[in-house]
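Undergrad: coords below, sequence missing:
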Ligand SMILES: Nc1ncnc2c1ncn2[C@@H]1O[C@H](COP(=O)(O)OP(=O)(O)OP(=O)(O)O)[C@@H](O)[C@H]1O
C-alpha cells in the first residue's frame with residue numbers, strides 16, 4: 001500500500017551507468033511503499049524548478065537522483081521548507097551523499113529513503129543563491145572547470161585529482177581580502193574554500209578537522225602561498241590530513257569558522273558553487289542554520 005508521495009527528479013545524463021535500468025531499479029525498490037511522480041531533468045530546465053513545482057503540488061518527499069549538480073539544485077527548492085530531500089546518487093563524486101553518510105549504491109540509497117531518519121542540516125547562500133556543499137575560489141574552481149564531462153567519463157572521481165594537479169602548475173597566487181564581523185584581513189593565496197558540508201575527499205575544504213554540516217558555521221580553508229615548494233608541501237599535508245581525518249598543521253594552511261564571510265580578490269578569481277562554475281569574485285557567503293531536511297541512514 002502506497003502511503004507517502006514523492007517526486008523523483010531524475011537526471012538521465014548523470015554518471016556512466018545505464019539510466020533506463022537504474023530508473024527501473026529505483027522504481028521497483030521504492031514504488032511498493034512510495035507513490036512516485038517521476039520527472040526527468042532537461043538541459044534547459046533547472047531541477048530546482050521541477051522541485052519548486054513538486055513543493056507546490058504538496059508532495060511528502062522530493063528525491064534527487066543524479067550528480068551533485070542535480071542534488072544541489074533540488075535542495076535549493078527545499079531549503080526552509082519542511083519537506084525532506086531524498087538522495088539517490090548517480091554522479092561522479094557524489095560529495096553531498098558521502099558527506100552525510102548516504103549510501104552511493106542504488107539499493108542502499110533507496111533503503112535510506114524508505115527507512116532512514118530525517119536530519120536537519122545547514123544550508124548556505126553564496127551571493128544570495130543556495131549552496132549546500134561548498135564554494136571554491138581559485139584553484140578549486142580551476143580544477144572543477146578542467147574536470148569536464150570527457151575527463152569524468154575517462155577517470156571517474158580521479159578526474160578531479162588529475163585536473164587539480166594539472167592546474168596547480170599554472171596557478172598564480174592572488175591577493176585575498178576576507179571580511180568577517182566587520183574585520184578585514186588581507187593575505188595571498190591560491191585557494192579559498194568555504195564549506196557548508198564536504199566529504200573527506202574535498203581536500204581543500206576540510207576546515208579544522210572535518211566539516212560539520214549542522215553547526216551553524218561555514219568552514220573556511222585557505223591555501224596561502226610563499227613559494228612553489230611550500231605550496232607542494234601544503235597540498236600534500238592537506239591530502240594526508242584529509243585521508244587521516246585530521247587538520248593539516250602546515251604553516252600555509254589556514255582555517256576559520258564563521259557564519260558569514262565576504263571574499264574579494266585581486267585579480268578576480270573564478271568561483272565554483274557545488275561543483276558548477278558561477279562567475280568570479282567577489283562573493284558573500286552566509287550559513288542558513290538547520291534549513292534543510294535530508295533523509296539519512298539510521299545510525
Ligand atoms: N536531459 C538532460 N540532457 C542533457 N543534459 C542534462 C539533462 N538533464 C540535466 N543535464 C545537465 O546535467 C548537468 C548536471 O549533472 P549532474 O551534476 O547531476 O551529474 P553529473 O555531471 O554526472 O555529476 P558529476 O558532476 O558528479 O559528474 C547540468 O549541467 C545539466 O544541464
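TA: On my side now, so go ahead. None of the values given here were measured: they were computed from a predicted structure.

Undergrad: which one is residue 137 nearest to, not counting chain neighbours?
TA: Leaving aside its sequence neighbours, residue 137 sits nearest to residue 192 (Cβ to Cβ, 6 or more residues apart in numbering; 4.3 Å). In this view, the C-beta of every residue, glycine as well, is placed from N, C-alpha and C.

Undergrad: which residues does that neighbour contact?
TA: By Cβ atoms under 8 Å, 6 or more residues apart in numbering, the contact list for residue 192 reads 136-138, 176, 178, 220-223, 263, 265.

Undergrad: out of those, which are inside strands?
TA: Cross-referencing the contacts of residue 192 against strands under DSSP state E gives 136-138, 176, 178, 220-223, 263, 265.

Undergrad: which SSE is residue 161 in?
TA: Assigned by DSSP states H and E, residue 161 belongs to helix 158-168.

Undergrad: thinking again about what came up before, who does the strand or helix carrying the residue nearest to residue 137 pair with, and is each partner parallel or antiparallel?
TA: Residue 192 belongs to strand 183-195 when assigned by DSSP H and E. Strand 183-195 has the following strand partners under DSSP bridges: strand 134-138 (antiparallel), strand 174-180 (antiparallel), strand 218-224 (antiparallel).

Undergrad: that one vs helix 158-168, what angle?
TA: Relative orientation of strand 183-195 versus helix 158-168 (axes from the mean of the first three to the mean of the last three Cα atoms, to 10 degrees): 140 degrees.

Undergrad: quick check: residues of the stretch 151-299 of the chain near the ligand?
TA: When proximity is defined as Cβ under 6 Å from any ligand atom, the stretch 151-299 of the chain approaches the ligand at 152, 275.

Undergrad: quick check: the residue of the stretch 151-299 of the chain nearest the ligand.
TA: Nearest to the ligand, among the residues of the stretch 151-299 of the chain, is residue 152, at 4.8 Å (Cβ to the nearest ligand atom).

Undergrad: and what of the chain?
TA: residue 67 (1.9 Å).

Undergrad: for that residue, what are its contacts?
TA: 11, 14-15, 89-94, 275 are the contacts of residue 67 under Cβ under 8 Å, 6+ apart.

Undergrad: residue contacts, the residue nearest to residue 124 when sequence neighbours are not counted?
TA: With sequence-adjacent residues excluded and distances taken as Cβ to Cβ, 6+ apart, residue 124 is closest to residue 196, at 4.2 Å. Residues near residue 196 by Cβ under 8 Å, 6+ apart: 122-124, 131-134, 211, 213, 218, 287.
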